[in-house]
Every structure is written in structure tokens, then in C-alpha cells.
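# Compute the structure for the input listed below.
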Amino acid sequence: MRKSPILFMLTLSTLSSLGVGLLGPIYPIFVVNRFSASFIDFGLSYAILCSVAAIFKTPAGRLVDIYGKKKIFFVGIMIGAICSLSYVFILNLMQLYVVDFFFGLSYALQRPALLALAADLSDDNRGLFLGAFESAYDVAEAIAAVLSVLIVSQFGFEPIFLISSSFQMTTGFFVLKSINRR
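Next up is the predicted model:
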């Protein structure tokens, strides 16, 4: 296994996970506090995101086959960056549901592309490579969880959405640079 693909995937995995991982622990609190939402409202919000992701992952996988892994991942991660930033400006639950719809679409585009990239870059040690890839993703998400609650407790929700969007944009530009490099 060459080091360059390993570093590329670990970097991609870590940056992507940091961007999304910052939102995970604080998202329910944000929804309930910002909108005086009920737990049912939060459940509906999360269900929209998950349902959209589930519905569109298969067509997104087909787009990966047609247009390429890096391009589809780039589009997905940039939609995610815009969605993360959008949380700063949301004024009501209906707007939240619209952003969650697009966040689900973002995830649907990202995940098949990321998995295809990981599978293509692994070789004889595919299990080891994919294990390292998933471990990097989980470690970054754990670190992001701690960081997010510290940031929100000290500075509020807005900075966390800006930071999350920045990590996702950085991931997108990292992928874009690798597209242009070939």
C-alpha cells in the first residue's frame, strides 16, 4: 500500500468527520433551545435528514459511477458546508426542515463517494486500510464531540456552525485540489 493514498484518505476522513462531528452532540440542544421545539419536532427533523439520505444514497452511488467519486464527494461536502452555515440563519422549524432535507442529500452524496474512494485506494490489505479509515473517522468525531460542547458552552451555537462549515469547506477544497492534480 502506498503512503500517499493512505494519507489522502485519513486526511479526508478526519476533516469530514470533524465537520459533521461538531454538530452531532449539540444539534438536539440547538433545535430544542432555538425554536422551543418539542422532542417530536426534533425527531421529525432527524427523520427528514435520515430518510432523505436513505432515499438518495443509491442514486448518488450511480452518480459516483457516472461522474466520479471525487466530484460527487466534492458536491456533497460543499452542500453540507452550506447547510452547516445555514443553521446560523434559520428562524423557524419549517426552515430547519428544509435545511435538514438538503443535509440529508449532502450525506447521501458524500457517503457512497467516500466509501468508493476508500475501496479504490485499498489493496491487498483492504481490511486494515478500511479499519484505519473508519478509526480515523471515529476518533475525529469523538474529538469533535468534546470540542463542540466546550465551544457551545463558552460561545454559543453560531461559532460551532461556522467552524463546522469551515471544516467541510476545507475537505471540499482538499478533494478539489486532488481532482485537479491528476
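# residue at max distance from the center of the chain?
residue 124 (28.2 Å; CA atoms, centre = their mean).
# Look up phi and psi at that residue.
phi -60, psi -30 (degrees, to the nearest 10).
# roughly how far apart are it and residue 130?
Separation of residue 124 from residue 130 (CB to CB, to the nearest Å) stands at 12 Å. Yep, even glycine has a C-beta here, placed from its N, CA and C like the rest.
# Check the secondary structure at residue 20 for me.
Put simply, residue 20 is helix when judged by DSSP: H, G, I helix; E, B strand; the rest coil.
# Look at it and say how many residues are nearby.
Per other CB atoms under 10 Å, the neighbour tally for residue 20 reads 23.
# Local confidence estimate at it?
pLDDT for residue 20: 84.
# Now do the same contact list for it.
Taking CB atoms under 8 Å, 6 or more residues apart in numbering, we find residue 20 in contact with 80, 141, 144, 164, 168.
# surely the first one meets residue 105?
Meaning residue 80. No - using CB atoms under 8 Å, residue 80 is not in contact with residue 105; the gap is 9.2 Å.
# ok, those two, which is more surrounded?
Taking neighbours as other CB under 10 Å, residue 80 and residue 105 compare with residue 80 leading, 28 against 21.
# so what's that one up against?
19-20, 103, 106-107, 110, 168.
# okay, now the residue lying closest to residue 93 once chain neighbours are set aside: neighbour count?
Distances taken as CB to CB, 6 or more residues apart in numbering put residue 35 closest to residue 93, at 5.4 Å, once the chain neighbours are dropped. Using other CB under 10 Å, residue 35 has 17 neighbouring residues.
# now swap in the one 4 residues further on and tell me
Other residues near residue 39 number 10, with proximity taken as other CB under 10 Å.
# Quick check: nearest residue in space to it, chain neighbours excluded?
Nearest residue to residue 39, sequence neighbours excluded (CB to CB, 6+ apart): residue 32, at 7.4 Å.
# what's the distance between the most centrally placed residue in the chain and residue 48?
In the chain, the centroid-proximal residue (CA atoms, centre = their mean) is residue 20; its distance is 4.3 Å. Distance, residue 20 to residue 48, using CB to CB: 16 Å.
# Please give me every residue in contact with residue 25.
Taking CB under 8 Å, 6+ apart, we find residue 25 in contact with 145, 148-149.
# From the residues you listed, which land in helices?
Judged by DSSP state H, the contacts of residue 25 include 145, 148-149 as members of helices.
# export those to JSON lines and tack on neighbour count?
Conversion of these to JSON lines gives the following (neighbours: other CB atoms under 10 Å):
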{"residue": "145", "neighbour count": "16"}
{"residue": "148", "neighbour count": "23"}
{"residue": "149", "neighbour count": "15"}
